[in-house]
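**Student:** compute the structure for the input listed below.
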Amino acid sequence: MAADEHLGAQFEYTGTQKWMFPGGHGGEWHTVVAKIGDEEVGDMLWNAERIGGLGVQEEHRRKGIATGLWNKAKEVAKQNKDIPKPRHSPERTDAGDAWARKVGGKLPPRVHIEEDW
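**Tutor:** Have a look, this model is predicted:
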């Protein structure tokens, strides 16, 4: 079974928003969410430069949901030339760095950040 074929999670692109993050990372951000039934269990936010956020509820971690979000974002970008392909952020937690190495793709030099949620 592939990493993102689990528990019946569904992955959905929910659109774009214009945001400005601290540090000047802004612009148009794209979002995919993971749901199990009616419950949202994870989401990923990215723009043309980087992943701005990736989170999965603690009880659903290590079940392939983050990988499913990554794969859905890549699929959405492939189907729509106006949506950028997701890219790994330099700011990564230990868990985020391990995940990024597992799913592959270009990894910018890491800036370590602490788990904040």
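
**Student:** pretty sure Val32 is touching Lys74, no?
**Tutor:** No - at 9.8 Å, Val32 and Lys74 do not qualify as touching, with contact defined as C-beta atoms under 8 Å. Yep, even glycine has a C-beta here, placed from its N, CA and C like the rest.

**Student:** those two: which has the busier surroundings?
**Tutor:** Val32 (25 against 15; other C-beta atoms under 10 Å).

**Student:** separation between that one and Arg110?
**Tutor:** Look at Val32 and Arg110: by C-beta to C-beta, to the nearest Å, they are 23 Å apart.

**Student:** following element in sequence after the longest helix anywhere in the chain, please.
**Tutor:** Longest helix in the chain by number of residues, with DSSP state H as the criterion: helix 65-79. Downstream of helix 65-79, the first helix or strand assigned by DSSP states H and E is strand 91-92.

**Student:** which other residues reach that next one?
**Tutor:** Ala100, Arg110, Val111, His112, Ile113 (C-beta atoms under 8 Å, 6 or more residues apart in numbering).

**Student:** ok now it, how far from the chain's centre?
**Tutor:** 12 Å (C-alpha atoms, centre = their mean, to the nearest Å).

**Student:** right, and the helix or strand after it?
**Tutor:** That would be, after strand 91-92 and using DSSP H and E, helix 94-103.

**Student:** residues in a beta bridge with the spatially most central residue of the chain, which ones?
**Tutor:** Nearest to the geometric centre of the chain sits Met44, at 3.3 Å (C-alpha atoms, centre = their mean). Counting by DSSP bridges, Met44 is bridged to Val32, Leu54.
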